[in-house]
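Participant: Structure for the following, please:
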Amino acid sequence: GDRHLGEAHALRVACEGRASQRWRQRMDRLLQLEAADAALDRRLRDSFNAGYAYAEAAHPACDPDARAAYADAARRGEAAARAVVAASVAAAGMAPAPVTR
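Facilitator: Numbers count the residues shown, from 1 in each chain. Predicted structure coming up:
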């Protein structure tokens, strides 16, 4: 999931510029919600960065292929992030909070 967030971030940056930080902010929020230990935090960040590097190399410019890859990565990243949060909420025995965009 976090790899897909990294891919989505790279592809959105390629098409919208460096000021577009939606997916990096989503990853930061996920890390905050998880309150992960140092090892998990590092794994999540490494996976995000690997996804970013992969997408940046595969799609260095915004073109129709990059836009299609972005739609796929965004869909997968959003679904994975929701699953991680839902699992954490369930493990904590709490009711899930509404997701805002």
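Participant: Please name the residues that touch residue 66.
Facilitator: The contact partners of residue 66, by Cβ atoms under 8 Å, 6 or more residues apart in numbering, come to 11, 14-15, 59. The way it works is simple: take the backbone N, C-alpha and C, and place the C-beta from them, glycine included.
Participant: Buried ones in the helix ranked longest in the chain, by neighbour count?
Facilitator: Longest helix in the chain, counting residues (DSSP state H): helix 64-92. Residues of helix 64-92 classed as buried: 66, 69-70, 73-74, 76-78, 80-81, 84-85, 88 (neighbour count, 16 or more other Cβ atoms under 10 Å).
Participant: Turn those into a markdown table, including pLDDT and distance to residue 27.
Facilitator: Output for those, formatted as a markdown table (pLDDT from 0 to 100; distance: Cβ to Cβ, whole Å):
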| residue | pLDDT | distance to residue 27 |
| --- | --- | --- |
| 66 | 96 | 20 |
| 69 | 96 | 18 |
| 70 | 94 | 16 |
| 73 | 93 | 13 |
| 74 | 91 | 13 |
| 76 | 91 | 14 |
| 77 | 86 | 9 |
| 78 | 86 | 12 |
| 80 | 81 | 11 |
| 81 | 80 | 8 |
| 84 | 75 | 11 |
| 85 | 74 | 12 |
| 88 | 72 | 15 |
